[in-house]
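[1] using only what follows, build the 3D model:
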Amino acid sequence: MAANEDQEMELEALRSIYEGDLCFRELSPVSFQYRIGESGDPKAFLIEVSWPETYPQTAPVISMDAFFNNTISSAIKQSILDKLMVEVEANLGTAMTYTLFEYAKDNKEVFMENQPVNTVTSVSNSIAIGTPDVPASKKKDKKEQLSKTQKRKLADKTDNKGELPRGWNWVDVIK
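    You can find the predicted model right below:
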């Protein structure tokens, strides 16, 4: 089979497999992104796979340069890319995009074991835990006090049930 036919078949398979999956995104017919992990997870990362012209016979271009991956250290990114390239070499000549995404999902914990957790989040959590909530509960909210004139104007605008009359906010279209 020609390279284009293999690409078309794999494209169709990827579309049917990942239909409705929020982690998968097709950037173009030859470029795909997949988010490994939940979006709130500090150890989640995004893999971008692009197919060259002769894709199944040549290795795809794998990138982790997306903005989503800015919190990941470059050493961890390189380690993930190296492990994915080993998987690419093992599957060269076959359709491997799905295999790469599943391999990354299965080995997410191994890939990200040396990634430090975001220190800003832990600092803000310790600050929030240390503040006492006692003063806020002691204060009582005061009702808004209306003057006599404000009460009279409010009563004039509403009927006896406290509702505004029908059409009070209608706009004159033709003047």
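
[2] for this protein, which spans come out with low pLDDT?
    1-3, 115-140, 175 (pLDDT under 70).

[3] just the strands in it please.
    24-28, 31-36, 45-50, 61-63 (DSSP state E).

[4] now those in a markdown table, with mean neighbour count and distance to Leu164?
    Using the backbone N, CA and C atoms, a C-beta is placed for each residue, glycine as well. Below are those laid out as a markdown table (neighbours: other Cβ atoms under 10 Å; distance: least, Cβ to Cβ, whole Å):
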| stretch | mean neighbour count | distance to Leu164 |
| --- | --- | --- |
| strand 24-28 | 12 | 48 |
| strand 31-36 | 20 | 49 |
| strand 45-50 | 20 | 52 |
| strand 61-63 | 16 | 59 |
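
[5] in this protein, which residue sits furthest out from the middle?
    The C-alpha centroid of the chain is most remote from Lys148, which lies 53.1 Å away (Cα atoms, centre = their mean).

[6] who touches that one in this structure?
    Neighbour list for Lys148: empty [criterion: Cβ atoms under 8 Å, 6 or more residues apart in numbering].

[7] again with Tyr98
    Tyr98 neighbours (Cβ under 8 Å, 6+ apart): 10, 13-14, 17.

[8] how close does it sit to Arg15?
    11 Å (Cβ to Cβ, to the nearest Å).

[9] how near is the most centrally placed residue in the chain to Leu22?
    Nearest to the geometric centre of the chain sits Ser39, at 4.4 Å (Cα atoms, centre = their mean). Computed as Cβ to Cβ, the Ser39 to Leu22 distance reads 8 Å.

[10] how about the helices in this protein?
    Secondary structure of the chain by DSSP state H: the helices cover 3-17, 74-90, 97-106, 108-111, 119-130, 134-138, 148-157.

[11] can I get those in CSV with distance to Ile62?
    Below are these laid out as CSV (distance: least, Cβ to Cβ, whole Å):
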stretch, distance to Ile62
helix 3-17, 15
helix 74-90, 5
helix 97-106, 7
helix 108-111, 13
helix 119-130, 29
helix 134-138, 51
helix 148-157, 66
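
[12] of all the ones you listed, which gets the most neighbours per residue?
    helix 97-106 (a mean of 17; mean count of other Cβ atoms under 10 Å).

[13] now it, how far from the chain's geometric center?
    Here helix 97-106 is found 19 Å from its chain centre; the criterion is Cα atoms, centre = their mean, to the nearest Å.

[14] how far off helix 3-17 does that helix point, in degrees?
    50 degrees (axes from the mean of the first three to the mean of the last three Cα atoms, to 10 degrees).

[15] since that was my last question, I'll sign off now.
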